[in-house]
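A.B. asks: What would the 3D arrangement of this be:
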Amino acid sequence: MPRPDFPKTIFEFQKWFPDEESCMRFLIQSRWPEGFVCPHCGYNEAYWKEKRNLLQCKKCGYQVSPTAGTVMHRSRMPLDKWFQAAYQVTTSTPGKSALQFQRQVGLQRYETAFTMLHKLRAAMVRTDRDRLTGLIEADETYIGGEREGKPGRGAEGKVIVAGVVEVRNTGKGTAANRIRLMVIPDVTQRTLNEFIRHNVVTGSTIRTDDWVGYNRLSENGYQHIVSPDELIHIHRVFSNLKTWLLGTHHGAVRKQHLQAYLNEYTFRFNRRNTPMAAFQTVLGLAKERMGPTYHGLYGIAKGQKAYVHPANPIKGT
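C.D. replies: Have a look, this model is predicted:
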């Protein structure tokens, strides 16, 4: 039996997942599309323990939760709320801010919405994802508010984001395919080369501007082309990223959380032609990633009281 299909419209979503039970069925079928297999003994039959929402192996008695290992595990939030969060984040073109999600889902606390969305963002990244290949454009940009000091590389008080975009030939011209974005500490040769090595297949052709940080790409196995005027696609990616941060999140992204937002932007950009399928992808990836806790996100000890206003922009951090 294949993994279950995904809802194509908001009306299908509401029909498919009206309650907790329907979400649980979908989750079980997604995790065991060929039928349940006990992770302890390999037996393929189980009892359903309704009061505890557990599957118990009929042979060895081992119990397993369908949410184990997912961002939903041990959460007090109902599954239908999680499903709504995943669907809204992946299918809404501009994405969702925590404040928007809190209002639309009817959550009492902003912190709950914030944590849920960040857990889903953590599930969007695969550590074993394929590197980009072919013709690549590479550059860096600076995210943050205006500060006095020199502009461009070396600007103070801003966060540096490195980016690469895979360029494909459409027959009628070129277009951006996949992207990778990462917060980096500086624009030194070592940092930029390390970023490219982790994200681009050796032997690919990399187009950059004339910054000295890219000078040793040829020595590292890449075909390097210096052509600042041709960095069309990566500049467009950066421009759209900044518009998204200002539009959807109103610039209220803390420096410590920026990478999570870059991950979300990358995830949705790379799946922009199949946004409905991305909902299913998030749930599939989620089973391998627990995601951060609220206290981990804010860097405070459990039990310590803290108030963080949602509108705290990068320029103030």
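A.B. asks: Please make it C-alpha for all contacts and neighbour counts, starting now.
C.D. replies: Will do.
A.B. asks: what's whichever helix in the chain runs longest packed up against?
C.D. replies: Among all segments of the chain classified by DSSP state H, the helix with the greatest residue count is helix 232-247. Based on contacts counted as 3 or more C-alpha pairs under 8 Å, 6 or more residues apart in numbering; DSSP states H and E, the elements that helix 232-247 packs against are strand 135-143, strand 159-169.
A.B. asks: Mind checking these for the one nearest to P7?
C.D. replies: Evaluated over those, closeness to P7 peaks at strand 159-169, with 29.4 Å, by C-alpha to C-alpha.
A.B. asks: average model confidence for the following helix or strand past that closest one?
C.D. replies: Counting by DSSP states H and E, the next helix or strand C-terminal to strand 159-169 is strand 174-184. Strand 174-184 comes out with an average pLDDT of 95.
A.B. asks: Tell me the strands beside strand 174-184, with direction?
C.D. replies: For strand 174-184, sheet partners with direction are given as strand 159-169 (antiparallel), following DSSP bridges.
A.B. asks: Okay, buried residues for the partner strand please.
C.D. replies: Neighbour counts over strand 159-169 (16 or more other C-alpha atoms under 10 Å) mark 159-168 as buried.
A.B. asks: got the contact list for the helix or strand just after the longest helix of the chain?
C.D. replies: On the C-terminal side of helix 232-247, the nearest following helix or strand under DSSP H and E is helix 258-270. With C-alpha atoms under 8 Å, 6 or more residues apart in numbering as the test, helix 258-270 has contacts from 90, 118, 121-122, 124-125, 177-183, 241, 275, 278.
A.B. asks: quick one: which of these has the most company?
C.D. replies: Neighbour counts for these, by other C-alpha atoms under 10 Å, peak at T90, which reaches 28 neighbours.
A.B. asks: you'd agree that one is up against A278?
C.D. replies: Yes - the pair formed by T90 and A278 meets the contact definition of C-alpha atoms under 8 Å, at 5.8 Å.
A.B. asks: how about the helices and strands packed on helix 232-247, which one is nearest E21?
C.D. replies: When the helices and strands packed on helix 232-247 are compared by C-alpha to C-alpha, strand 159-169 sits nearest E21, at 41.4 Å.
A.B. asks: ok, back up a step: need the buried residues of strand 159-169 in TSV with pLDDT, can you?
C.D. replies: Shown next, in TSV, are the buried residues of strand 159-169 (pLDDT from 0 to 100):
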residue	pLDDT
V159	92
I160	94
V161	96
A162	97
G163	98
V164	98
V165	98
E166	98
V167	97
R168	95
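A.B. asks: Since that was my last question, I'll sign off now.
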